[in-house]
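Participant: dropping the sequence and predicted coords here.
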Amino acid sequence: MTGPPGVLAELAPDVFAYVQADGSWFINNTGFVVAGDGVLSIDSCATEDRTRAYLAAIRTVTARPVTTLVNTHHHPDHTNGNGLLGARVIVAHADCREQLARVPWPPPVPVFGPVDWGQVSRDLPGICFERRLDLHVGGRRIELLHFGTPAHTTNDIVAWLPADRVLFAGDLVFNGATPFALSGSVAGWLDVLTALRDLGAEVIVPGHGPPGGPGLLQETAGYLEFVQKAAADTYAAGRPVPDAAAGLDLGCYAELTDAERIVGNLYRAYAELDGRDRGCPLDEARCFAGMVAYNGGRPLRCLA
């Protein structure tokens, strides 16, 4: 494992976020709720070492096993460690299961460089739903919600704890890292962020970066609105995505980690300007090659 393990933050009684420092490629946040005779985990981690460090953190709070696992979406930083957690039940959106079953792994070495993934096991969800599923855990209601449109991916769900006003947002919210819409929809993501505001969350755990308040929703939306406007301008001018990305002033968003994601985001925004469906498959190999080129030909920074 490159870099330190995550740290626990107790957000409400028996509700914890596990926040991994840096929050860049493959360094995601997870969380868990302790109740009854077990633990409900929200996501796993990208590597064996990081998932085992997460399990060790859980054990500093309780000796109870992880019995239920919720995957907020199919991306490998949130699902690679599924099998290591030992959950009896894995819950996710229906398309999360389908994506996990067909997405190749591991990623090509030229994109991220060599990474010690360890012995990971992306076990598939066994309980799947389309729009909403309520879990009742130790007297708490946890609402698992999908908002009916591709956003960060086609299968993003959130875990909403209404009594505690705590929202585990998965990668629908980023804090300090560049949002990434290649697998979903820029327009759809903005729609979902509007719906998330209506929940009235007081504490939001993003997929990457430290937890915060409702202002994180607008910060993520601000970047996506920037992408939409930039894409509209460069698309109208007939500029291909690599040229558009290379010539784009990111302004305040240049401070976010993983700036090269602008390439993938522009490809997605261009597809929407072409009238293609939200979440339609794109040529991901071309998109990642463009991000590597944007990064000066170097593999993308990955501290997993």
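Facilitator: Perfect, I can see it now. Numbers count the residues shown, from 1 in each chain.
Participant: when you work out contacts or count neighbours from here on, use the C-alpha atoms and nothing else.
Facilitator: Fine.
Participant: buried set for stretch 14-28?
Facilitator: By 16 or more other C-alpha atoms under 10 Å, the buried positions in stretch 14-28 come out as 15-28.
Participant: ok, then the element right after the least confident helix or strand in the chain by mean pLDDT?
Facilitator: Least confident helix or strand, the chain: helix 109-112 with a mean of 94, by mean pLDDT, DSSP states H and E. Sequence-wise, the next helix or strand downstream of helix 109-112 (DSSP states H and E) is strand 127-129.
Participant: in that next one, what counts as buried?
Facilitator: Cys128.
Participant: that one pairs with which strands, parallel or anti?
Facilitator: Using DSSP bridges, the strands paired with strand 127-129 in its sheet are strand 89-93 (parallel).
Participant: mind checking how far the residue of the chain most remote from its centre is from Val227?
Facilitator: The C-alpha centroid of the chain is most remote from Ala237, which lies 32.0 Å away (C-alpha atoms, centre = their mean). Counting by C-alpha to C-alpha, to the nearest Å, the separation of Ala237 from Val227 is 15 Å.
Participant: quick one: distance of stretch 234-242 to the chain centre.
Facilitator: 28 Å (C-alpha atoms, centre = their mean, to the nearest Å).
Participant: one more: stretch 226-235?
Facilitator: The chain centre lies 23 Å from the centre of stretch 226-235; the measure is C-alpha atoms, centre = their mean.
Participant: in it, which residues are buried?
Facilitator: 227-228, 230-231, 234-235.
Participant: would TSV of those with secondary structure be doable?
Facilitator: Listed next are these as TSV, based on DSSP: H, G, I helix; E, B strand; the rest coil:
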residue	secondary structure
Val227	helix
Gln228	helix
Ala230	helix
Ala231	helix
Thr234	helix
Tyr235	helix
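Participant: pipe those into CSV and attach pLDDT and distance to Leu84 per row.
Facilitator: CSV is the format used below for the buried residues of stretch 226-235 (pLDDT from 0 to 100; distance: C-alpha to C-alpha, whole Å):
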residue, pLDDT, distance to Leu84
Val227, 98, 37
Gln228, 98, 39
Ala230, 98, 42
Ala231, 98, 41
Thr234, 98, 45
Tyr235, 98, 45
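Participant: turn those residues into TSV, columns for distance to Ala163.
Facilitator: As requested, these are exported to TSV (distance: C-alpha to C-alpha, whole Å):
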residue	distance to Ala163
Val227	35
Gln228	35
Ala230	40
Ala231	40
Thr234	45
Tyr235	45
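Participant: the stretch 51-200 of the chain: helices as residue ranges?
Facilitator: All helices of the stretch 51-200 of the chain, identified by DSSP state H, counting those that start in this stretch, fall at 76-79, 82-85, 94-102, 109-112, 186-197.
Participant: just these: most buried one?
Facilitator: For those, the largest average neighbour count (mean count of other C-alpha atoms under 10 Å) is found in helix 76-79, namely a mean of 25.
Participant: only alpha carbons, please: show that helix as PDB.
Facilitator: The C-alpha trace of helix 76-79 is given here as PDB (Å, rounded to 0.1, in the frame of the first residue of the first chain):
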ATOM      1  CA  PRO A  76     -13.100  -1.300  -9.000                       C
ATOM      2  CA  ASP A  77     -11.900   1.000  -6.200                       C
ATOM      3  CA  HIS A  78     -15.300   0.500  -4.600                       C
ATOM      4  CA  THR A  79     -15.700  -3.200  -5.400                       C
END
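Participant: quick one: contacts of that helix?
Facilitator: Helix 76-79 is contacted from outside by 26-28, 30, 43-47, 71-73, 122-123, using C-alpha atoms under 8 Å, 6 or more residues apart in numbering.
Participant: also stretch 235-246?
Facilitator: With C-alpha under 8 Å, 6+ apart as the criterion, stretch 235-246 contacts 234, 262-263, 266-267, 270, 273, 290, 294.
Participant: likewise stretch 185-198?
Facilitator: 147, 149-153, 172, 181, 214, 217-218, 221, 224-225, 228, 265, 268-269, 272, 278-279.
Participant: narrow the residues you listed to those that are buried.
Facilitator: 147, 149-153, 172, 181, 214, 217, 221, 224, 228, 265, 268-269, 272, 278-279.
Participant: now, which of these lie within strands?
Facilitator: Applying DSSP state E to the buried ones among the contacts of stretch 185-198, the entries found in strands are Leu172.
Participant: dig out what Pro206 forms beta bridges with.
Facilitator: When assigned by DSSP bridges, Pro206 has beta-bridge partners Gly170.
Participant: number of nearby residues for it?
Facilitator: 26 (other C-alpha atoms under 10 Å).
Participant: and stretch 108-120, how far from the chain's centre?
Facilitator: Stretch 108-120 sits 19 Å away from the centroid of its parent chain (C-alpha atoms, centre = their mean).
Participant: hmm, I typed the wrong one, I wanted stretch 67-85.
Facilitator: So, by C-alpha atoms, centre = their mean, the centroid of stretch 67-85 is 11 Å from its chain's centroid.
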